[in-house]
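[1] Structure for this input, please:
(one chain, ligands or ions: 1)
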Amino acid sequence: MSGQLVTLVDRRRCRDLAARLLEISPRTEHFAPAPRNPESAVRVPDFHLAWIAICQQTRTLAGVVDGVSYRGSDYLVHRLRARLDEDPERFTAGRLQSVTGDELRAWLSDDGDPASSTVDRVEERVALLRDAAARLLDGYSGATAHLLAASKGRLEGKTGLLERLSRFHAYRDPVRKKSFLLIQYLRVAGVFEPVDPKALGLPVDYHLLRVLLRTGAIQLKGARARDLLGGGEMSEAEDARIRLAGVEAGRLMAEVVDVATLDRLLWMIGRNCCFYGHAPVCTTGPCTLEASCSFLQASDLDCGLRCPFDGTCSGSRNPAAAAFREPTFDTDLY
Ligand code: SF4
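    Numbering: from 1, shown residues only. Got it, this is the predicted structure:
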């Protein structure tokens, strides 16, 4: 163990926090919109593999789909679901192997005009999509369904889905954020059911990291802790280490709330109650952000204008913990 950075997971805090989530149900249609064109149904595995491959650093995305405003990765999945229904072949490997930046911009704009898209990191996303397409064409006859079949329902092991996915550049994360998220979506869609579901972990991104640090579910100690908790830059090794602690915290919390529900609710707290762009709502009195709250849009939450973790979370009792920032790391992994 390096004295520079020590990560701790607070078992009791994890269980107490998870218990606060038991009464909240996320709306499946918000997180995992089903295709509406019957011809799209067979392409659902390809669709999820593609949109999750580029589900990183989605802060700039925003728009309206079917009259509803979305931002971030909510916009990514809803807008691309609509693009799938327009053209069910759009996310097949055969098409994605030559996808261009302007095509991606057009897909991620409300009016189909690349010039009006808010998507950024376009070259990076195009490279991830092309790489995924090439690997599907090389190893799986160009179909995500064949990749799933090859794993024989297993997540773990040399021939399991996690190992197979790790050979895709988009899914190479040692902490498996995108892989865990993809498997969650494939399960919801009814196209993949793991025989070893305990191997499915929490997809830890920057929103979850912020919440887990402020709540005290994971704690950083050692000489590097102060800088990292102030939002300082972390190394690749530090990122992996801290997010692995987040996965461990998720395993403890998933003993109380199933891992997909846990992910959705933690993520909603991180992008609303405990968002990086404003003070945590527990520190400012009753929440005033109801009109723009995607947590209310995405669940049956009856919050009373308070964060669900208020009173249990370290940040709600200690201003220093409420001020923690997630460490900075420029990455395409999450
Ligand atoms: S109680 Fe406060 S610090 Fe804790 S997760 Fe909620 S908003 Fe963030």
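[2] Next, count neighbours for whichever residue of the chain sits closest to the ligand.
    In the chain, the residue that lies nearest the ligand is G315 (2.5 Å; C-beta to the nearest ligand atom). For glycine as for every other residue, the C-beta is placed from the backbone atoms N, C-alpha and C. Other residues lying near G315 total 24 when counted by other C-beta atoms under 10 Å.
[3] OK, contacts around it?
    R214, T215, G216, C274, P280, C282, T283, F309, A321, A322, F324 (C-beta atoms under 8 Å, 6 or more residues apart in numbering).
[4] go with 10 Å
    210-211, 213-216, 274, 280, 282-283, 307, 309, 321-324 (C-beta atoms under 10 Å, 6 or more residues apart in numbering).
[5] T331 too?
    With C-beta under 10 Å, 6+ apart, T331 has these contacts: Q56, Q57, D173, K177, D205, Y206, M234, E236, D239.
[6] Run through the strands of the stretch 101-250 of the chain in chain order.
    218-221 (DSSP state E, counting those that start in this stretch).
[7] what does it have sitting close to the ligand?
    Within the stretch 101-250 of the chain, the positions lying close to the ligand (C-beta under 6 Å from any ligand atom) are V211, R214, T215.
[8] In this structure the second one contacts S316, no?
    Spelled out, it's R214. Yes: R214 lies in contact with S316 (C-beta atoms under 10 Å); the separation is 8.8 Å.
[9] Which of the three states applies to G63?
    strand (DSSP: H, G, I helix; E, B strand; the rest coil).
[10] That one: what's it in contact with?
    Contacts of G63 (C-beta under 10 Å, 6+ apart): 69-71, 75-76, 78-79, 108-111, 116-119.
[11] try H169
    A53, A127, L128, R130, D131, A132, A134, R135, D332.
[12] From those, list the buried ones, please.
    For these, a burial check counting by 16 or more other C-beta atoms under 10 Å picks out A53, A127, L128, R130, D131, A132, A134, R135, D332.
[13] Make a markdown table from these and add pLDDT to it.
    Listed next are the buried ones among the contacts of H169 as a markdown table, based on pLDDT from 0 to 100:
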| residue | pLDDT |
| --- | --- |
| A53 | 98 |
| A127 | 98 |
| L128 | 98 |
| R130 | 98 |
| D131 | 98 |
| A132 | 98 |
| A134 | 98 |
| R135 | 98 |
| D332 | 97 |
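[14] Who wins on neighbours among the contacts of T331?
    D205 (28 neighbours).
[15] Quick check: chain neighbours aside, which residue is closest to it?
    Leaving out its chain neighbours, the residue that sits closest to D205 by C-beta to C-beta, 6 or more residues apart in numbering is Y334, at 4.1 Å.
[16] Quick one: residues contacting that neighbour.
    Counted by C-beta under 10 Å, 6+ apart, Y334 has contacts 55-58, 173, 175, 177-178, 181, 203-209, 239, 243.
[17] For the residue lying closest to L128 once chain neighbours are set aside, give me its contacts.
    Spatially, and ignoring its direct neighbours in sequence, L128 is nearest to A170 (4.2 Å; C-beta to C-beta, 6+ apart). Contacts of A170 were listed using C-beta under 10 Å, 6+ apart, and they are 49-50, 52-56, 124-125, 127-129, 131-132, 135, 178-179, 182, 332-333.
[18] sorry, back to before: now, the contacts of G63 that are in helices?
    Y75, L76, H78, R79 (DSSP state H).
[19] Run a quick neighbour tally on the third one.
    What that stands for is H78. Residues near H78, counting by other C-beta under 10 Å: 21.
[20] Quick check, P197 in contact with V259.
    Yes: taking contacts as C-beta under 10 Å, P197 lies within contact range of V259: 8.5 Å.
[21] so when I look at E255, I'm seeing a strand, right?
    No: if the criterion is three-state DSSP, then E255 is coil and not within a strand.
[22] you'd agree it is up against R15?
    Yes: applying C-beta under 10 Å, one finds E255 in contact with R15, separated by 7.0 Å.
[23] which residues does the closest residue in space to T144 that isn't next to it in sequence contact?
    With sequence-adjacent residues excluded and distances taken as C-beta to C-beta, 6+ apart, T144 is closest to P45, at 3.8 Å. P45 makes contacts with 91, 143-149, 182, 185-186, 189, 191-192, as judged by C-beta under 10 Å, 6+ apart.
[24] P45 falls within a helix, correct?
    Yes: using three-state DSSP, the assignment for P45 is a helix.
[25] That'll do, ta.
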